[in-house]
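**Student:** Need coordinates for the following:
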Amino acid sequence: MDFITFIFQYAVPFLAILTVLVFVHELGHFLLARWNGVKVEVFSVGFGKELWGFDDKHGTRWRLSSVPLGGYVKMFGEGDMVTGVDDTEDRPMTDDEKKVSFHHKKLRQRTAVVAAGPVANFLFAVLVFWLINAAFGVPKLLSAVGEVMEDTAAAEAGVQAGDLILSINGQAIKEFNELSEIVSVNANVALDFEILRGDQVLHLSATPRPWRDAEADDDEDMAENHASTSSRGLLGVRPSMDHVEMERSGIFKGLLLGFEQTYFFTANILSGLGEMFSGERSAKELGGVLSIAQYSGEAAQSGIVGTLRFLAILSINLGLINLFPVPVLDGGHLVFYLAEALRGKPLSQKLQEYSFRFGLVLVLLLMLFATWNDFGRLFEKFG
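**Tutor:** Reported below is the predicted structural model:
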C-alpha cells in the first residue's frame with residue numbers, strides 16, 4: 001500500500017470521524033455552559049495554531065486548529081476548571097465578570113457543564129443508531145444455516161451448510177431467532193424441518209439435544225452454567241452471515257432501539273474492561289490511535305451504515321473514557337465536585353494540582369501502552 005492510498009483509506013476517515021466526535025463532545029460542554037450563563041471564550045476543534053476561525057455575536061472564538069487530535073472549550077474564569085482560581089491577571093473580578101465566570105457558578109451548574117460532554121457522546125450514539133434503524137434498517141439473520149457443528153442433532157439429521165429452514169413442525173419461520181426459540185423449548189422432541197436446499201424442498205427429522213448433553217459446546221463453563229436447564233434444546237447450527245435482511249423500524253421503535261443498542265455496547269465495553277482488570281482477557285487487546293485509524297478506514301470502506309455504526313460505537317467509547325475518575329478527564333472533575341459537595345468546600349489547591357499531574361502521567365502512560373500494542377499487532381501482521 002503506497003502512502004497516498006494509506007492517507008485516503010485510513011487517515012482521512014480517522015480524522016473525519018474524530019473531528020465529528022470531538023465536536024459533539026465539546027458542543028455538550030458549550031451548550032450547558034451557555035445555558036447556565038457562562039461566557040465561552042474559545043471553542044476549538046484541534047490544538048495548536050489556529051488555521052481558521054471566527055467570532056460569534058456572544059464573543060466566542062470558534063477555531064479549527066492545526067493538530068486535529070482533540071479539542072477544547074475555554075470558559076471565562078475557568079482557570080484549571082477545578083481549583084476555583086480565577087484566570088484574570090492580578091485583579092479581582094468585577095460583579096459583571098463573576099456573573100459569567102465558570103467558577104462563580106453553583107456546584108450543580110459546574111457539574112452539569114462538565115458532565116455534558118460525555119452525555120453528549122451517549123446521546124449522539126443514540127441518534128446515530130436511530131438514524132440507522134429508521135433509514136437503513138436493523139439487520140435480521142434469516143433462518144439459513146451457515147455451519148453445522150459436528151456430533152450434534154443437526155449433523156445426525158443430515159442438515160447442511162447453506163440449507164434454508166422454511167418451517168418447523170409446519171410452523172413457518174423466517175428469522176434465525178425464531179429457529180432458536182422453537183428448538184430451545186423442544187429438547188428430546190423429534191421435530192420435522194422443512195428445508196430448501198438449492199431448488200429442492202426436503203423434510204428432515206431432528207431431535208434437539210439437551211444443553212448439558214451437547215458435546216459440541218466447547219465452552220465448559222457455559223455448559224456447566226446451563227447443566228441444570230435440561231429442557232433447553234440445542235440443534236447444533238450457526239447462522240449464515242450471508243443471509244441478512246435489513247428491516248426498517250418505525251420512528252419511535254427506532255429511537256427505542258437506539259437507546260437499547262447504546263446500552264448494549266456500553267455494557268459490553270465495561271464488561272470487557274472488567275475482564276482485562278481481572279485477567280480474564282489480555283490487556284494487549286487494548287488499542288490506541290493506530291487501531292482506531294485502522295477500524296475507521298475499514299468502516300469507511302464497508303459503506304455508510306458501517307461508518308455510522310462505528311461512529312456511534314466510538315462515541316460511546318469516548319463518553320465512557322471521559323467518565324473515568326482520572327484527573328484531567330471529565331470524570332476526575334466530577335469526583336472533585338463530589339468531594340466538594342460532601343465537604344462543603346473544594347479540596348485544597350495543592351491536592352488538586354498533584355492529582356492533575358498524576359492523572360496526566362497516567363493518561364500518557366495508557367496512551368503509550370495502547371500505541372505499543374498497536375505496533376505489536378502491526379509487526380505480527382507484516383513482520
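
**Student:** going forward, measure contacts and count neighbours with C-alpha atoms only.
**Tutor:** Noted.

**Student:** gap between stretch 15-34 and the chain center?
**Tutor:** 16 Å (CA atoms, centre = their mean, to the nearest Å).

**Student:** Output it as PDB, restricted to C-alpha atoms.
**Tutor:** Presented in PDB, the C-alpha positions along stretch 15-34 are these (Å, rounded to 0.1, in the frame of the first residue of the first chain):
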ATOM      1  CA  LEU A  15      -9.600  12.400  11.200                       C
ATOM      2  CA  ALA A  16     -13.100  13.000   9.900                       C
ATOM      3  CA  ILE A  17     -14.700  10.600  12.500                       C
ATOM      4  CA  LEU A  18     -12.500  12.000  15.300                       C
ATOM      5  CA  THR A  19     -13.400  15.600  14.400                       C
ATOM      6  CA  VAL A  20     -17.100  14.800  14.500                       C
ATOM      7  CA  LEU A  21     -16.900  13.100  17.900                       C
ATOM      8  CA  VAL A  22     -14.700  15.900  19.400                       C
ATOM      9  CA  PHE A  23     -17.100  18.500  18.100                       C
ATOM     10  CA  VAL A  24     -20.100  16.600  19.600                       C
ATOM     11  CA  HIS A  25     -18.300  16.200  23.000                       C
ATOM     12  CA  GLU A  26     -17.200  19.900  23.200                       C
ATOM     13  CA  LEU A  27     -20.600  21.000  22.000                       C
ATOM     14  CA  GLY A  28     -22.100  19.400  25.100                       C
ATOM     15  CA  HIS A  29     -19.900  21.400  27.300                       C
ATOM     16  CA  PHE A  30     -20.500  24.500  25.300                       C
ATOM     17  CA  LEU A  31     -24.300  24.300  25.300                       C
ATOM     18  CA  LEU A  32     -24.600  23.700  29.000                       C
ATOM     19  CA  ALA A  33     -22.100  26.500  29.700                       C
ATOM     20  CA  ARG A  34     -24.200  28.900  27.700                       C
END
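
**Student:** Does Gly37 touch Val100 like I think?
**Tutor:** Yes: proximity of Gly37 to Val100 meets the contact threshold set by CA atoms under 8 Å, at 5.7 Å.

**Student:** okay, those two: which has more neighbours?
**Tutor:** Neighbours per residue (other CA atoms under 10 Å) separate Gly37 from Val100, with Val100 holding more: 20 against 15.

**Student:** Name the nearest residue to that one, ignoring sequence neighbours.
**Tutor:** Val38 (4.4 Å; CA to CA, 6 or more residues apart in numbering).

**Student:** Any idea how many residues pack against that neighbour?
**Tutor:** Val38 - counted by other CA under 10 Å - has 27 other residues nearby.

**Student:** now swap in Leu314 and tell me
**Tutor:** Residues near Leu314, counting by other CA under 10 Å: 21.

**Student:** which SSE is the residue nearest the centre of the chain in?
**Tutor:** By CA atoms, centre = their mean, the chain has its centre lying nearest to Ile313, at 3.0 Å. Of the helices and strands defined by DSSP states H and E, Ile313 is found in helix 304-323.

**Student:** Toward the C-terminus, what is the element adjacent to that helix?
**Tutor:** Taking DSSP H and E, what comes next after helix 304-323 is helix 330-343.

**Student:** follow-up on the earlier one: what about the residue nearest to the centre of the chain, distance to Ile292?
**Tutor:** 11 Å (CA to CA, to the nearest Å).

**Student:** Is the residue lying closest to Arg34 once chain neighbours are set aside bridged to anything, and to what?
**Tutor:** Nearest residue to Arg34 in three dimensions, chain neighbours excluded: Val40, at 7.2 Å (CA to CA, 6+ apart). Val40 has these beta-bridge partners by DSSP bridges: Met75.

**Student:** Can you get me a residue count around Val40?
**Tutor:** The local packing of Val40 (other CA under 10 Å) involves 25 other residues.

**Student:** Just give the nearest non-adjacent residue to Phe356, would you?
**Tutor:** Excluding its sequence neighbours, the residue lying closest to Phe356 (CA to CA, 6+ apart) is Pro327, at 4.9 Å.

**Student:** Check Glu41 too.
**Tutor:** Thr60 (4.7 Å).

**Student:** distance of that neighbour from Gly236?
**Tutor:** Thr60 is 62 Å from Gly236, by CA to CA.
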